[in-house]
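*Asks:* Here is a sequence together with a model predicted from it:
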Amino acid sequence: MVKIAQEAFVVEFIKDIRKKDPGIGGNKLWIMYQKQFGASRSVGYNRFYDIVEKYNLKVRKVKRRVKTTDSTHDLPLYPNIVKDLLPIRPCQLVVSDITYIPYFLDPESGEYKFCYLALITDYYTKEIVGYSVAPTLEAIYAIEALKMALKHYDGHDLSQLIHHSDRGVQYASFAYTDLLKKYDIKISMTESGNPKDNAVAERVNSTIKNELLKGMSFASISEVQKAVILAINFYNEERPHMSLDGLTPREAAKKMGEINKKWVSYREKAIKAKVKYTGGKRRNHLKCNALPHSFPLLCSKILCQKNSSGCTDHILHYHKNKADLPGNIHSGHLHITKASYHKAVYQRHQTLN
């Protein structure tokens, strides 16, 4: 009887959560279950999953695709400056994207239209800080989401914030970029159509649409707007994240420094293989055995640091008492790009050999 009662309790718990988040998966349900009832009073991990399977409570993912990005325009584009960035605090990087949500004009005939959800997410906390539900893909609605995000960060130094998006006409429009520049926010854009270039924004879109709004039908844009508000509130305040060590975005907003993940990020591993993080500063350690034998005579390391304008300088440090690099360098350091550095090393190698 105790076993049956435990199963019934878990099933009811899952159904209650699924009323708010129809597509939430087993891992997050387990974390919420433990948070609410404590490890000593809850069933075990394996038992929990046995109940999920036994009562057919797994979720199925349905994939549909509608184009929301129009990058065939002549508006100015901006380089991707966040390729190797791993944020360590809130209000350091926000990512933006737009997704679609269908609503039915006539449920009987199945006739439907799309409305569009613009989202702005804090990369570090995964908190949705701005959103807008719109009837079209016009830039004005993306700007509504941006204004909400700016209000969220009121009181913060926005000159240290980077806004990253795809190259869609909404984000490249002068109205949108001028608003970013007004607050000294740096602009970054993807360089291709690869969704991995804006992976966090894509994942948040999918979570809202395919998890929190899963199975819902809407008859108007106003219905979508009401559902989105409830979904985002649950997402920000109650839903645990594997990428935040089980924290909610609102809890993560109180943190600083690296937050552990409950999964392996190969992107982060690749970046950390190149860049050693020490006290929030980035330091590149280049392998001497991968460079010419003259490398130890030329330099010891390259440091990456922020200059007064907030941009990243690559500063070459080398042994002063050794041969100079091309360009008559007599001081202890020189501001150069990585590409120029590698070219200099190659040229020096050629002259020494």
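*Replies:* Sure thing, it's come through. Numbers count the residues shown, from 1 in each chain.

*Asks:* got the residue ranges for the helices in the protein?
*Replies:* Counting by DSSP state H, the chain has helices at residues 2-20, 26-37, 45-54, 139-152, 169-172, 174-182, 199-207, 221-237, 249-252, 266-274, 295-298, 338-352.

*Asks:* got a list of contacts for the fifth one?
*Replies:* So that's helix 169-172. The contact list for helix 169-172, computed with Cβ atoms under 8 Å, 6 or more residues apart in numbering, reads 70-71, 73, 75-77, 96, 98, 118, 137-139, 141-142, 165, 176-177, 189. For glycine as for every other residue, the C-beta is placed from the backbone atoms N, C-alpha and C.

*Asks:* Columns mean neighbour count, distance to residue 83 and mean pLDDT on top of the helices of the chain, output as a markdown table?
*Replies:* Below are the helices of the chain laid out as a markdown table (neighbours: other Cβ atoms under 10 Å; distance: least, Cβ to Cβ, whole Å; pLDDT from 0 to 100):
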| stretch | mean neighbour count | distance to residue 83 | mean pLDDT |
| --- | --- | --- | --- |
| helix 2-20 | 13 | 36 | 76 |
| helix 26-37 | 17 | 29 | 77 |
| helix 45-54 | 15 | 37 | 76 |
| helix 139-152 | 19 | 22 | 97 |
| helix 169-172 | 24 | 18 | 95 |
| helix 174-182 | 15 | 19 | 97 |
| helix 199-207 | 19 | 12 | 94 |
| helix 221-237 | 17 | 27 | 96 |
| helix 249-252 | 19 | 23 | 97 |
| helix 266-274 | 11 | 9 | 86 |
| helix 295-298 | 16 | 25 | 36 |
| helix 338-352 | 14 | 13 | 49 |
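
*Asks:* need these in a markdown table with distance to residue 161, can you?
*Replies:* As requested, the helices of the chain are arranged in a markdown table below (distance: least, Cβ to Cβ, whole Å):
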| stretch | distance to residue 161 |
| --- | --- |
| helix 2-20 | 31 |
| helix 26-37 | 29 |
| helix 45-54 | 39 |
| helix 139-152 | 9 |
| helix 169-172 | 15 |
| helix 174-182 | 9 |
| helix 199-207 | 15 |
| helix 221-237 | 19 |
| helix 249-252 | 17 |
| helix 266-274 | 20 |
| helix 295-298 | 37 |
| helix 338-352 | 25 |
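
*Asks:* wait, which of these is closest to residue 103?
*Replies:* helix 221-237 (5.7 Å; Cβ to Cβ).

*Asks:* and the angle for the closest one with helix 2-20?
*Replies:* Going by axes from the mean of the first three to the mean of the last three Cα atoms, to 10 degrees, helix 221-237 is angled at 130 degrees with respect to helix 2-20.

*Asks:* Which strands and helices lie in contact with helix 221-237?
*Replies:* Identification of packing neighbours for helix 221-237 by 3 or more Cβ pairs under 8 Å, 6 or more residues apart in numbering; DSSP states H and E yields strand 93-106, strand 111-122, strand 128-134, helix 249-252.
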